[in-house]
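> Next comes the sequence, and after it the predicted model I'd like to discuss.
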Amino acid sequence: MTSTSADAGPRSSYRALGDLRAGWAQRPLWGHLGWQDIRQRYRRSFLGPIWISITMAITAIALGILYAGLFDTDIDVLLPHLLLGFIIWNFISGCITEGAEVFTSNEGLITHLPAPLSVHLYRLVWRQSLFFLHNAVVYLVMLLVFPQQLHWTAIAVVPAFVLLALNGAWAAMLFGIVSTRFRDLVPIVQSIMQLAFFMTPIVWIYQDLLDSPNPTVRERASLAELNPFLHFLEIVRAPLLGQDQQLHHWIVVLVITVVGWALTFTVLRRYRARVPYWV
């Protein structure tokens with residue numbers, strides 16, 4: 001092995017890390033672009049971004065009434081559970097589905113604007129964070145209608161959301177790079193996320209199925225632990241509902257964070273320079 005090839009790995013790792021750092025340093029750029037994305041989407045709308053919260057609230061209430069009847073669950077129990085599930089899921093799904101197109105949808109900027117690739121990643125996560133904050137207004141209104149016994153542990157939602165954003169970032173970067181090379185990945189990801197919505201305890205309460213007198217239901221419900229989205233939902237939703245938090249959810253999320261970023265950094269190191277040609 002020549003010295004040149006031996007140094008290729010360290011140099012590419014340094015450039016990949018430099019891309020992430022340089023992109024983070026351009027916060028005014030991606031912050032402005034992310035906010036403009038929202039303004040552009042609701043241009044000439046009287047209510048503007050408030051439609052984000054209204055649409056999500058109407059959908060959550062309708063499904064809450066429906067599934068409360070199907071599962072014979074009190075509406076004051078299911079609706080807060082479902083509403084928070086919707087808010088968190090919209091963030092997760094947005095990072096992954098829009099992340100698969102984060103580079104292909106910004107082809108013009110990538111080919112003509114000399115900026116780090118991570119700028120588009122940060123722009124996406126920032127935009128989804130703004131959507132999350134808009135939807136959080138619905139949660140505050142829900143607290144007035146269905147008061148929850150919150151504890152001081154509710155502040156755990158802050159590090160939980162940070163972990164959620166970190167995982168949204170690596171997922172967007174990973175799928176974004178791969179989908180620039182394999183365009184069929186985008187509809188595949190969208191289909192998987194639609195299926196995952198019903199397999200994740202959003203419109204149904206996981207603990208209720210675990211406490212079912214039917215052993216078959218209990219056994220099948222326990223398989224939900226294999227769903228990684230369950231753990232991300234619980235670390236954010238539990239403190240906001242005043243529920244006890246389970247340590248194993250945090251452990252799973254931390255492991256996924258480390259493994260996910262390690263895999264993403266490897267892909268970024270190897271293929272970062274090819275993205276402008278692939279798009």
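That came through fine.

> give the contact list for residue 63.
For residue 63, the contact set (C-beta atoms under 8 Å, 6 or more residues apart in numbering) comprises 82, 203. (C-beta placed from N, C-alpha, C; glycine too.)

> Can you name the residues that contact the most centrally placed residue in the chain?
Nearest to the mean C-alpha position of the chain, by C-alpha atoms, centre = their mean, lies residue 92 at 2.1 Å. Residues in contact with residue 92 (C-beta under 8 Å, 6+ apart) are 164, 168, 229, 232.

> now do 7 Å
Going by C-beta atoms under 7 Å, 6 or more residues apart in numbering, residue 92 touches 168, 229, 232.

> Model confidence score at it, please.
Here the pLDDT value assigned to residue 92 is 96.

> in what helix or strand does it lie?
Secondary structure assignment for residue 92, by DSSP states H and E: helix 75-99.

> in that helix, what's buried?
Neighbour counts over helix 75-99 (16 or more other C-beta atoms under 10 Å) mark 78-99 as buried.

> ok, now stretch 247-263?
By 16+ other C-beta under 10 Å, the buried positions in stretch 247-263 come out as 249-250, 252-253, 256-257, 260-261.

> Go through those residues and flag which are in helices.
249-250, 252-253, 256-257, 260-261 (DSSP state H).

> from these, which single one is nearest residue 17?
For these, the closest approach to residue 17 (C-beta to C-beta) belongs to residue 261, at 11.5 Å.

> need the helices for the stretch 51-200 of the chain, in chain order.
Ranges of helices within the stretch 51-200 of the chain are 75-99, 107-112, 118-145, 157-181, 185-199, based on DSSP state H, counting those that start in this stretch.

> now, of those helices, which is deepest in the fold?
helix 75-99 (a mean of 22; mean count of other C-beta atoms under 10 Å).

> ok now that one, how far from the chain's centre?
Helix 75-99 sits 10 Å away from the centroid of its parent chain (C-alpha atoms, centre = their mean, to the nearest Å).

> Stretch 17-27 too?
In terms of C-alpha atoms, centre = their mean, the centre of stretch 17-27 is set 21 Å apart from its chain centre.

> what comes up buried for it?
19-20, 23, 26.

> Which residues does that stretch contact?
For stretch 17-27, the surrounding residues in contact (C-beta under 7 Å, 6+ apart) are 115-119, 121-122, 272.

> CA atoms only for it, dumped as PDB, please.
C-alpha atoms of stretch 17-27 as PDB (Å, rounded to 0.1, in the frame of the first residue of the first chain):
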ATOM      1  CA  LEU A  17     -15.900  16.100   9.700                       C
ATOM      2  CA  GLY A  18     -14.900  19.500   8.300                       C
ATOM      3  CA  ASP A  19     -18.100  19.500   6.200                       C
ATOM      4  CA  LEU A  20     -20.200  18.900   9.300                       C
ATOM      5  CA  ARG A  21     -18.400  21.700  11.200                       C
ATOM      6  CA  ALA A  22     -18.500  24.200   8.300                       C
ATOM      7  CA  GLY A  23     -22.200  23.500   7.800                       C
ATOM      8  CA  TRP A  24     -22.900  24.100  11.500                       C
ATOM      9  CA  ALA A  25     -20.900  27.400  11.300                       C
ATOM     10  CA  GLN A  26     -23.300  28.600   8.600                       C
ATOM     11  CA  ARG A  27     -26.300  28.700  11.000                       C
END
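
> Now it: average pLDDT?
For stretch 17-27, the mean per-residue pLDDT is 90.
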